[in-house]
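Enquirer: would you be able to build a 3D model of this:
(chains A and B)
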2 protein chains.
Amino acid sequence: MPLKSYISYSSESHFPLENLPYGVFSTVDDSTHRIGVAIGDKILDLKYSKNVFDYPLCEIFQQPSLQSLMASNKETWSQARKSIQSYLSIEHSENLKNGVFWDQNEVQMHLPTSIGGYTDFFSSYYHAYNCGTLLSPNKPIADNWRNMPVAYHGRTSSFRISGTPVVRPSGQYLKDGEVTFGPTEMLDYELEVAFFVGGTLNSLNEPIPISKASDYIFGMVLLNDWSARDVQLWESPFLGPFLSKNFITTISPWVVTMEALEEFKTDNFKQDPAPLKYLQHDIKYNFDIHLNASIYGPKSPQTHVICNSNYKYMYWTPIQQIAHHTVTGCDLKPGDLLSSGTISGPEENQRACLVERNLLGKKLIDLGDRKLKFFEDGDEVTISGFCQGNGYKIGFGNCVSKILPAK
Amino acid sequence: MPLKSYISYSSESHFPLENLPYGVFSTVDDSTHRIGVAIGDKILDLKYSKNVFDYPLCEIFQQPSLQSLMASNKETWSQARKSIQSYLSIEHSENLKNGVFWDQNEVQMHLPTSIGGYTDFFSSYYHAYNCGTLLSPNKPIADNWRNMPVAYHGRTSSFRISGTPVVRPSGQYLKDGEVTFGPTEMLDYELEVAFFVGGTLNSLNEPIPISKASDYIFGMVLLNDWSARDVQLWESPFLGPFLSKNFITTISPWVVTMEALEEFKTDNFKQDPAPLKYLQHDIKYNFDIHLNASIYGPKSPQTHVICNSNYKYMYWTPIQQIAHHTVTGCDLKPGDLLSSGTISGPEENQRACLVERNLLGKKLIDLGDRKLKFFEDGDEVTISGFCQGNGYKIGFGNCVSKILPAK
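Expert: Residues are numbered from 1 along each chain as shown, chains lettered A, B, ... in the order given. Modelled structure (predicted):
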């Protein structure tokens, strides 16, 4: 039986009482950034709940970002969830008057925290296989990939919240074999799910053992890793992607906690060969999260779904990613964001970026009344995701971006 | 004629009145982080100079890091230099009593600012050539390398100040063809020079034109890009270096300003082919900075110089690096650190990391009474650098690290 709040919403809502994701927002008449919790189509404003929550939550909820909450610990995260669930439950319907609520469509959402470090993994088997097939068909899956969660460090300054337009970047690439400068002709998305780490994390030279790694995962967001493929193909040899990925990275505004996702744990992807000991774990740490991407744009009056995938296609788990990230001694900080990489499934329509479907631009993607190669100016790209519970959804909301022409 | 201060120092000092680099330090009896300026063997403590400097310096100098100074602008940087130079000059010898000075060897130095973003370039021709020769002998210099300053994003959390020990990291690598976990057997350094950016930098989607780029360079430090080569060789294919570089990165504590370096500008490296227009500049923006590295360790009672190089071997200039970094729209922030990559010269003893000299571990480096392959536990590695003026040096001081055994 789904839980019941005095705020009403349908069983299709992404934000029932079972979810309670955190976000940072401001309103027209109060531009301070503050923490809110999504419930149905509403937001509970935690800034105006000073005398409602016990210490340390009463202080943490007054902050302008989720940094303090992330920096606390698992027990505090749990206490927060319990307190908010109780405050919003039908048994406490007096709080409809006591609390301050906003419509989600009347606020401005912001990044939930200043992201100190961003690491992008490459952890979905089918994405690795499809990219490998395009770039080194004789050996689609590299030897290192099967033995470790391969990753690279990304840029944090260019993170933006859902709704921020993507201006088509201009850069250097090869065109007909010539070195050229111009607007990218291969603008692509990547459907990813990222998690924020938190808690009292490790010091330098102190790896986090995989058995403890789950204690440090605060919650998850959708991430669109915008990519200029022509720039990427030209710049990447030797040191990996740089400008092709750092012009904007977009995340969804609501951070879904690991407690909300707990009941959607599913079997880990079978790993062959067995990883080295520091990457081995017995516990389930994979999640059944439905993911999809769609476009809407001037070329066609209707919305087209361009991908239907699922988080469960992750080969490497988040706790393997943490254990690997810290194994040589790198220190993680609360608010660091670790992303999955493109999460593709085995089917054609589960390929979660355009190059996997258009074979590096060699083929048109047939969407019925529209044939798509890469995104065009005016296209609006939406990624979304949810877990299907019994009579409710644990949703991530949307991560939306409209593409504007090059400057 | 060298300038003269009431603080005395020799013509060999790295920190004469012509230099005046900034650093952040604390003392035994006052653990607050505060800004100081190096002069001879002393530090002028700017925290205790409240009524000495005009606005905005009086406020900027009270901060616990260089962040505000970096975030101001070129005119303020210039005003600061003039004011401090006057304050320390022999004409104002009364300030020997008025000012608060510390011995450099009695303080604790700290990172000059919290580094928001770190980008490591790969901009020295001879380093690229030597690495290329080892990894792809048929084509040592890749096509993209000649057309753009290739770079990758690095990790900021693991930055540490000179003096911090380097604990030998353990990680995953191939040993005799087998996937192995253990302490790195190929611990290496990279002698680099990095610059901090500052000023009112660009917004997202607004590239910095190369004609304006020099306005945003605050100053330079030495950087030791510690590398575990066995880990690097195994993990890098596809996305570049990750754990092999993020276990520690060390910088020297004194930030030498671009004004202090101005008179050491030298001809740019000849570029062939001519770069694309957004990377072209007529002005000189290369620097004659002598660089060296040495080791001292239990294997031999004497210090051995292992490299003598010079910044002038940079193929790509700092202003080309900034123009490139922002060309697809990435926004830079005050306090971001952009590094050169290993700066090697054309000669054997100018190779600025061990793998270039030991040919990926295949050859011993002959240092007379010591044959070196990679660093051993107990080795102390020092990198240093200076410009030679007429009767004085503009020095960077030292960046020192002692290697401790794996945990």
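Enquirer: nearest to chain B: which residue in the stretch 151-300 of chain A?
Expert: Taking CB to the nearest CB, chain B has its nearest neighbour within the stretch 151-300 of chain A at residue A:240, 3.0 Å off. Yep, even glycine has a C-beta here, placed from its N, CA and C like the rest.
Enquirer: per-residue confidence averaged over the one helix or strand residue A:219 maps to?
Expert: For residue A:219, the host element (DSSP states H and E) is strand A:217-224. The predicted model assigns strand A:217-224 a mean pLDDT of 98.
Enquirer: what is the longest helix anywhere in chain A packed up against?
Expert: In chain A, with assignment by DSSP state H, the single longest helix is helix A:74-88. If contacts are counted by 3 or more CB pairs under 8 Å, 6 or more residues apart in numbering or on different chains; DSSP states H and E, helix A:74-88 sits against strand A:30-39, strand A:42-45, helix A:57-60, helix A:67-71, helix A:258-261.
Enquirer: tabulate these (JSON lines), appending mean neighbour count, mean pLDDT and distance to residue B:150.
Expert: Formatted as JSON lines, the helices and strands packed on helix A:74-88 follow (neighbours: other CB atoms under 10 Å in any protein chain shown; pLDDT from 0 to 100; distance: least, CB to CB, whole Å):
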{"stretch": "strand A:30-39", "mean neighbour count": "20", "mean pLDDT": "97", "distance to residue B:150": "37"}
{"stretch": "strand A:42-45", "mean neighbour count": "22", "mean pLDDT": "98", "distance to residue B:150": "45"}
{"stretch": "helix A:57-60", "mean neighbour count": "16", "mean pLDDT": "96", "distance to residue B:150": "43"}
{"stretch": "helix A:67-71", "mean neighbour count": "23", "mean pLDDT": "98", "distance to residue B:150": "34"}
{"stretch": "helix A:258-261", "mean neighbour count": "20", "mean pLDDT": "98", "distance to residue B:150": "38"}
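Enquirer: turn the ones you listed into TSV, including distance to residue A:337.
Expert: Converted to TSV, the helices and strands packed on helix A:74-88 look like this (distance: least, CB to CB, whole Å):
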stretch	distance to residue A:337
strand A:30-39	18
strand A:42-45	22
helix A:57-60	20
helix A:67-71	10
helix A:258-261	14
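Enquirer: and chain B, which of the ones you listed is closest to it?
Expert: Taking CB to the nearest CB, helix A:67-71 is the member of the helices and strands packed on helix A:74-88 nearest to chain B, at 13.5 Å.
Enquirer: can you show me the CA trace of the closest one as PDB?
Expert: Written as PDB, here are the backbone C-alpha positions of helix A:67-71 (Å, rounded to 0.1, in the frame of the first residue of the first chain):
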ATOM      1  CA  GLN A  67      26.600  20.600   1.100                       C
ATOM      2  CA  SER A  68      26.100  20.300   4.900                       C
ATOM      3  CA  LEU A  69      23.500  17.500   4.500                       C
ATOM      4  CA  MET A  70      25.800  15.600   2.200                       C
ATOM      5  CA  ALA A  71      28.700  16.200   4.600                       C
END
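Enquirer: contacting residues around it?
Expert: Contacts with helix A:67-71, where a contact means CB atoms under 8 Å, 6 or more residues apart in numbering or on different chains, come from A:22, A:35, A:59-61, A:63, A:76-77, A:80, A:113-114, A:196-200, A:218, A:334-335.
Enquirer: circling back: nearest to residue A:94, out of the helices and strands packed on helix A:74-88?
Expert: Of all these, strand A:42-45 sits nearest to residue A:94, with 14.2 Å by CB to CB.
Enquirer: which of the contacts of helix A:67-71 are buried? Put it as a ChimeraX command.
Expert: Buried members of the contacts of helix A:67-71, defined by 16 or more other CB atoms under 10 Å in any protein chain shown, are picked up in ChimeraX with:
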select /A:22,35,60,61,63,76,77,80,113,196,197,198,199,218,334,335
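Enquirer: show me what the one helix or strand residue A:324 maps to is packed against.
Expert: When elements are assigned from DSSP H and E, residue A:324 belongs to helix A:318-326. If you count contacts as 3+ CB pairs under 8 Å, 6+ apart, helix A:318-326 packs onto strand A:118-121, strand A:151-153, strand A:217-224, strand A:337-339.
Enquirer: let me have those strands in a markdown table, extended by distance to chain B.
Expert: Formatted as a markdown table, those follow (distance: least, CB to the nearest CB, whole Å):
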| stretch | distance to chain B |
| --- | --- |
| strand A:118-121 | 8 |
| strand A:151-153 | 4 |
| strand A:217-224 | 15 |
| strand A:337-339 | 12 |
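Enquirer: and those: which comes nearest residue B:27?
Expert: Nearest to residue B:27, of all those, is strand A:151-153, at 34.7 Å by CB to CB.
Enquirer: mind giving me the packing neighbours of the helix or strand following the closest one?
Expert: On the C-terminal side of strand A:151-153, the closest following helix or strand by DSSP H and E is strand A:159-161. Judged by 3+ CB pairs under 8 Å, 6+ apart, strand A:159-161 is in contact with strand A:249-251.
Enquirer: neighbours of the one residue in the stretch 1-150 of chain A that gets nearest to chain B, how many?
Expert: Distances between the stretch 1-150 of chain A and chain B by CB to the nearest CB are smallest at residue A:147, namely 5.1 Å. Applying other CB atoms under 10 Å in any protein chain shown, we find 19 residues neighbouring residue A:147.
Enquirer: so what pLDDT did it get?
Expert: Residue A:147 carries a pLDDT value of 98.
Enquirer: which ones are touching it?
Expert: Contact analysis of residue A:147 by CB under 8 Å, 6+ apart lists A:273, A:275-276, B:172, B:179.
Enquirer: restricted to buried residues, select these in PyMOL.
Expert: The following PyMOL line selects those of those that are buried, judged by 16+ other CB under 10 Å:
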select buried, (chain A and resi 275) or (chain B and resi 172+179)
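Enquirer: ok so, going back, of all the helices and strands packed on helix A:318-326, which one is nearest residue A:362?
Expert: Minimum separation from residue A:362 across the helices and strands packed on helix A:318-326 (CB to CB) falls at strand A:217-224, 23.5 Å.
Enquirer: and the angle for the closest one with helix A:318-326?
Expert: In terms of direction (axes from the mean of the first three to the mean of the last three CA atoms, to 10 degrees), strand A:217-224 departs from helix A:318-326 by 90 degrees.
Enquirer: distance from the chain centre to strand A:217-224, please.
Expert: Distance of strand A:217-224 from the chain centroid (CA atoms, centre = their mean, to the nearest Å) equals 4 Å.
Enquirer: could you point out which element follows that strand?
Expert: Next element after strand A:217-224 (DSSP H and E): strand A:227-228.
Enquirer: what are the contacting residues of that next one?
Expert: With CB under 8 Å, 6+ apart as the test, strand A:227-228 has contacts from A:169, A:171, A:173, A:184, A:186-190, A:241, A:243-245, A:247, A:353, B:328.
Enquirer: inside strands: which ones of these?
Expert: For those, the ones inside strands are A:171, A:173, A:187-188, with DSSP state E as the criterion.
Enquirer: compare these and tell me which has the most neighbours.
Expert: Highest neighbour count within the ones in strands among the contacts of strand A:227-228, by other CB under 10 Å: residue A:171, with 27 neighbours.
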